[in-house]
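Undergrad: Structure of the sequence below:
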Amino acid sequence: MTITPRLVATYAIPDRDGARTYVDPTGPVPRLEVRSAESLRIYDLGEQAELTAEFPAPTPNHWSRHWVAPDLSFAVFGAETEYVAVAPDGTRLWQQPYGTWEVSRWGYLDYSTSTGGADPELRIWLRLPSGLPDSTLILTLDAGGTVLARSVLPCGGHERFVSLLWDDNDEVRGVRVSEGQAATTHFEARWESGGIVLGRKLPQGRGDLLPSEREYLGADSRNARCMTVDRRRRDISWHSLPTYEVTASLALSDFPVPGTGDCSVHNDPQISTWSGFVDDDTAMVTLYNPYDEAAVYVFGTERWREHSHWLADPATGALHGRIEYPMAEVDNVIPVGDGTWITEEWDAVYRWRR
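TA: As a prediction, the model looks like this:
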């Protein structure tokens, strides 16, 4: 059941010391974001890693989140007390204060493109504290930071994460509200008369996926099938869309017995959320050992850090086999969706294909 992958590309990470990295696989070309105390660097991961943008941090060491504009013309940083838009040359383009609000937990910013005129226009949608217990304030801005609308939505509120849902034309179609392990609530919404108008709360149908039960891992390129894991990390399911009917499943009992064969590195494995679609016909499933305080601190072993990566058939749930890498330990994996996946070591990112 062992699969030897083919190395497609190696991307060295320059100036890695003290920096944090994040791979975004969602665009036409995967991107590597390298975040240091002083700046945010964006690399396109093609045949080589190409530096496409760099944004100086508005306040070094004091920013928790960031959102990069689709055209890389600016990035918005969640600084200590405000959203700050910064150009590649370090110019502050605009800011929106939020005080002591925890933007790292509740902040939200998204981009859309307006097609109403001859030329597409970028729109920025960001959340600010509303000051009301059960309401959410969303500002709509143009690319220059001018506020076009202030929409107070009678949903969400304190300690709830709120995000917008979009249709195929990049128009607002709904609002999603979530709170911890509770079920996500969806509302209809539309853009009307210069603001977001909240519609009816959508009922939970039989096919709805409740976050309290399952965690969404992504959909295939045709949006015909999605993949979820139960919150106990014991099984994977594939669902047909849009009904969410379960079409295939893969449980831990379908893998070799822990401690034997291709599962020899595991003692009590769980399924990681670092799983998803490698392409429409292949899924990546990652197993890992959970944290074992006694083993780590008393006996000095680190078995809990061990991971293994498996390829599976999303149509049937059948395992193709375990991936055998040339390096000793590979932890997290990021499926790209084009038949490749990405892994990361300290000083380099690797792209693989079966």
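
Undergrad: what secondary structure does residue 105 sit in?
TA: For residue 105, the assignment made with DSSP: H, G, I helix; E, B strand; the rest coil gives helix.

Undergrad: got the contact list for it?
TA: Residue 105 sits next to residue 161 when contact means C-beta atoms under 8 Å, 6 or more residues apart in numbering. C-beta: built from backbone N, CA, C; applies to glycine.

Undergrad: Need the pLDDT of it.
TA: Looking at residue 105, its pLDDT is 82.

Undergrad: do the one 3 residues further on as well
TA: pLDDT, residue 108: 92.

Undergrad: And it, how close does it get to residue 161?
TA: Separation of residue 108 from residue 161 (C-beta to C-beta, to the nearest Å) stands at 7 Å.

Undergrad: Next: residue 92.
TA: For residue 92 relative to residue 161 (C-beta to C-beta), the value is 27 Å.

Undergrad: Could you check which of these two has the larger neighbour count?
TA: The neighbour comparison of residue 92 against residue 161 (other C-beta atoms under 10 Å) goes to residue 161, with 17 against 14.

Undergrad: what residues are up against the spatially closest residue to the more buried one that is not a sequence neighbour?
TA: Counting by C-beta to C-beta, 6 or more residues apart in numbering, residue 178 is the residue found nearest to residue 161 once chain neighbours are left out, at 5.0 Å. The contact partners of residue 178, by C-beta under 8 Å, 6+ apart, come to 160, 161, 184, 185, 211.

Undergrad: Can you report how many residues neighbour the nearest residue to residue 251 once chain neighbours are set aside?
TA: Nearest non-adjacent residue to residue 251, counting by C-beta to C-beta, 6+ apart: residue 235, 4.2 Å away. Residue 235 has 17 neighbours, counted by other C-beta under 10 Å.

Undergrad: Run a quick check on residue 235 versus residue 246, I expect a contact.
TA: No - judged on C-beta atoms under 8 Å, residue 235 makes no contact with residue 246 at a distance of 10.4 Å.

Undergrad: still on that earlier bit, which one among the contacts of residue 178 gets closest to residue 113?
TA: Among these, residue 161 lies closest to residue 113 (C-beta to C-beta), at 24.0 Å.

Undergrad: wait, doesn't residue 175 sit right on residue 160?
TA: No - assessed by C-beta under 8 Å, residue 175 is found out of contact with residue 160, at 11.0 Å.

Undergrad: Below-threshold pLDDT in the stretch 201-350 of the chain: ranges please.
TA: 203-212, 291-305 (pLDDT under 70).

Undergrad: Show me the strands in it, by range?
TA: 214-219, 225-230, 235-240, 245-251, 270-271, 276-279, 282-288, 307-312, 319-323, 333-335, 340-344, 348-353 (DSSP state E, counting those that start in this stretch).

Undergrad: Please tell me how far the nearest residue to residue 255 once chain neighbours are set aside sits from residue 286.
TA: Spatial nearest neighbour of residue 255, excluding adjacent residues (C-beta to C-beta, 6+ apart): residue 263 at 5.7 Å. Note on residue 263: its distance to residue 286, by C-beta to C-beta, is 13 Å.

Undergrad: quick one: which of these two has more around it?
TA: Neighbour totals were compared for residue 263 and residue 286, and residue 286 leads with 23 against 20 (other C-beta under 10 Å).

Undergrad: quick one, what contacts that one?
TA: 271, 272, 274, 275, 307, 308, 309, 310, 332, 333.

Undergrad: what about the closest residue in space to residue 98 that isn't next to it in sequence, how many residues close to it?
TA: Distances taken as C-beta to C-beta, 6+ apart put residue 128 closest to residue 98, at 5.4 Å, once the chain neighbours are dropped. Neighbours of residue 128 under the rule other C-beta under 10 Å: 21.

Undergrad: wouldn't residue 128 be in contact with residue 140 here?
TA: No - checked against C-beta under 8 Å, the pair residue 128 and residue 140 is beyond contact range at 11.6 Å.

Undergrad: what's the farthest-apart pair in the contacts of residue 286?
TA: 310 and 332 (14.3 Å).
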